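**Q** show me how the following folds:
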Amino acid sequence: MPGGLALSEFKGYEKWQVIAASQSGNIIDVIVGNPEMIAAYESGLPAEGKKIPDGARMVKIHWNGKKHADFPAATIPDTLHDLDTMVKDSKRFAATGGWGYGQFNYDAGSDSFKPLGTGPGCGFACHTNAASVDYV
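**A** Residues are numbered from 1 along each chain as shown. A predicted model of the protein is given here:
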């Protein structure tokens, strides 16, 4: 994607530990973190005025939801929608609080991801409200 952020920087995200899950409308989200991000959480970060270490990465996986066939009150993940990514690299992304952001939309027809194309600062505006806890 513009600015050099690549999905390959998040290789293995499918096996990372779950940080949080949520649902917004028909989209189901799960946020996972690499071992450095999990270690940061385990040490008490993010905390007021303290920074997540460089190398920490997170991926928010979005699925389109569908009703469970045997339990229609439940909405479950269906097809993959996109991936949102965050990587902490305070030198590379100094202009965006040390974080690089990306969105990679999933194309089911080609079974591939395509970057949204807005660059590694695309998520910064949404995270400015969390500046006191290192934008997380």
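**Q** low-confidence bits of this structure, can you list those?
**A** Scanning the chain with the threshold set as pLDDT under 70 gives 1-2, 4, 119-120.
**Q** for it, longest strand please?
**A** For the chain, the strand that runs over the most residues, judged by DSSP state E, is strand 75-88.
**Q** tell me the helix or strand right after it.
**A** strand 99-107 (DSSP states H and E).
**Q** can you give the distance from the longest strand of the chain to the centre of its chain?
**A** 8 Å (C-alpha atoms, centre = their mean, to the nearest Å).
**Q** mind listing what's buried along it?
**A** By 16 or more other C-beta atoms under 10 Å, the buried positions in strand 75-88 come out as 75, 77, 80-88. For every residue, glycine as well, the C-beta is placed using N, CA and C.
**Q** strand 99-107 and that one, what's the angle between them?
**A** Taking axes from the mean of the first three to the mean of the last three C-alpha atoms, to 10 degrees, strand 75-88 and strand 99-107 form an angle of 140 degrees between their directions.
**Q** strand 75-88 pairs with which strands?
**A** If you go by DSSP bridges, strand 75-88 pairs up with strand 57-67 (antiparallel), strand 99-107 (antiparallel).
**Q** flag every buried residue along the helix or strand that the shortest one is followed by.
**A** Right, the one you point to is strand 99-107. Counting by DSSP H and E, the element after strand 99-107 in chain order, helix or strand, is strand 112-115. Neighbour-count burial for strand 112-115 flags residue 115 (criterion: 16+ other C-beta under 10 Å).
**Q** now for strand 112-115, which elements pack on it?
**A** Helices and strands touching strand 112-115, by 3 or more C-beta pairs under 8 Å, 6 or more residues apart in numbering; DSSP states H and E, are strand 99-107.
**Q** convert the strand it packs on to CSV, retaining C-alpha atoms only.
**A** In CSV, the C-alpha atoms belonging to strand 99-107 read as follows (Å, rounded to 0.1, in the frame of the first residue of the first chain):
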residue,chain,number,x,y,z
TRP,A,99,1.8,3.6,14.5
GLY,A,100,1.3,2.5,10.9
TYR,A,101,-2.2,1.5,9.8
GLY,A,102,-3.6,-0.4,6.9
GLN,A,103,-6.8,-1.8,5.6
PHE,A,104,-6.8,-4.8,3.3
ASN,A,105,-10.1,-5.7,1.7
TYR,A,106,-10.8,-9.3,0.9
ASP,A,107,-11.8,-10.3,-2.6
